[in-house]
Every structure is written in structure tokens, then in C-alpha cells.
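>>> Sequence and predicted structure below; questions after.
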Amino acid sequence: MSSGRTEVQVRPGVEGDLDALTALYNHYVRETAITFDTAVFTAEERRPWLLSHPEDGPYRLMVATEADSQEILGYATSSPYRPKPAYTTSVETSVYVAPDAGGRGVGTLLYDALFKVLADEDVHRAYAGIARPNRASERLHAGFGFRYVGIYREVGRKFGRYWDVAWYEKEL
């Protein structure tokens, strides 16, 4: 993708990305209600998360980087929806874009790559929970064919207030 500044590349995430991915996620932990984690992570604490997203299978990690510098601009994942065996053909997806990379189409590139690799997997549905308000994420998901299925009202408490989570699903 040409952004006017530099090209963006998307590839599977690797262990060498762990520090940068942890720093990116910690921004959202500290500054937003997009994630309901409330304490930042060390890279070692995040290692099991990274290792749970191999380069094959239904649980993937795709990373967007600047072509020239390899700076990480964001990532998208497909993760287990729920731990019980009957849910194995369902995944929960998410996208995190670096704050200074917003508006460049990074989220779109990441989801495009993620859904292409999932097309060859035994995955029936993708789900996304979006803490509200988050119009950018709602637009991104709608653009990929997710449809709104309901809302959990005041399901999470962070920064001294309750947050709603809207749920979306996509057929795969």
C-alpha cells in the first residue's frame, strides 16, 4: 500500500516482534477503554499470547510494518472465541493500530490479510467485541461484512466508569 509516506507490508507476527507489540498494546491498556486490561504487561508476560498465534491454524497474528524501517504499525489477531471444544470453529478477531498510524488504511490491510489466511482454515464464524464508542472500529468491521448482533451494557469497568461492548459476527 502506498500511503504517500512509505509502503506498508503485512506479514505473520514473529517472536522478534514481541517488544514492539507489547508496547503498542500497553498504549491501549493505559490510554483507552478499547481493551479491558487495566495493568500494562511486560514482554515476558505477553509471550504466551504471541506463541498462541502460530503461522498456521485458525489462531493467527498478522503484523503491519513500514517497508523501509520495519517499524510496527499495528496487528490483527484471530483467537479462540471461547475455551469449550464446540467453539473451535469460531474465532474472536481484533485489530490494534499504532496511534500515529491511524487513517492510513493499516487496519484494513491487516484484516484483509487475516481473512485471506483464515479462508483456508476450518473456521465458520468470526466475532468482534467493540467497546463503545469506537466508530472507526465499527466502520472497519462493517466494511469486512461483520454485522451487529447485540450489546452487552456496562459490561466492563475501567477509568472509573462502565463501558458497553457491541458484538459483531461475520460468516467465514
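Yep, that arrived. Numbers count the residues shown, from 1 in each chain.
>>> any idea how far the residue lying closest to residue 171 once chain neighbours are set aside lies from residue 115?
Spatial nearest neighbour of residue 171, chain neighbours left out: residue 125 (6.3 Å); criterion: Cβ to Cβ, 6 or more residues apart in numbering. Heads up, the C-betas are built off the backbone N, CA and C, glycines and all. To residue 115, residue 125 is 12 Å away according to Cβ to Cβ, to the nearest Å.
>>> repeat for residue 100
25 Å.
>>> of those two, who's got more company?
residue 115 (20 against 9; other Cβ atoms under 10 Å).
>>> who are the neighbours in contact with the more buried one?
126, 144, 172 (Cβ atoms under 8 Å, 6 or more residues apart in numbering).
>>> Can you tell me which of the residues you listed has the most neighbours?
Top of the contacts of residue 115 by neighbour count (other Cβ under 10 Å): residue 126, with 25 neighbours.
>>> Residue 165 should be in a helix, yeah?
No: counting by DSSP: H, G, I helix; E, B strand; the rest coil, one finds residue 165 to be strand, located in no helix.
>>> and the gap between it and residue 25?
Plainly put, residue 165 is 18 Å away from residue 25 if you go by Cβ to Cβ.
>>> Same check on residue 63?
Residue 63 is 12 Å from residue 25, by Cβ to Cβ.
>>> Neighbour count for the two, which is higher?
When residue 63 and residue 25 are compared for neighbours, residue 63 comes out ahead with 23 against 19, by other Cβ under 10 Å.
>>> contacting residues around that one?
Counting by Cβ under 8 Å, 6+ apart, residue 63 makes contact with 10-14, 17, 21, 72, 74-75, 110.
>>> For burial, what's the neighbour tally of the residue lying closest to it once chain neighbours are set aside?
Counting by Cβ to Cβ, 6+ apart, residue 13 is the residue found nearest to residue 63 once chain neighbours are left out, at 4.4 Å. Neighbourhood size, residue 13 [other Cβ under 10 Å]: 21.
>>> start the count at 29, not 1, going forward
Yes, from this point I'll number from 29; that puts the last item at residue 41.
>>> Quick one: residues contacting residue 41.
With Cβ under 8 Å, 6+ apart, residue 41 has these contacts: 49, 78, 81, 89-91, 103.
>>> Would you point out the most distant pair within those?
Pairwise distances across those (Cβ to Cβ) peak at 12.5 Å, for the pair 78 and 90.
>>> Among these two, which residue is more densely surrounded?
When residue 78 is set against residue 90 and neighbours are counted by other Cβ under 10 Å, the residue ahead is residue 90, at 24 against 19.
>>> pLDDT score for that one?
On the pLDDT scale, residue 90 is placed at 98.
>>> wouldn't it be in contact with residue 142 here?
Yes: using Cβ atoms under 8 Å, residue 90 is in contact with residue 142, at 4.9 Å.
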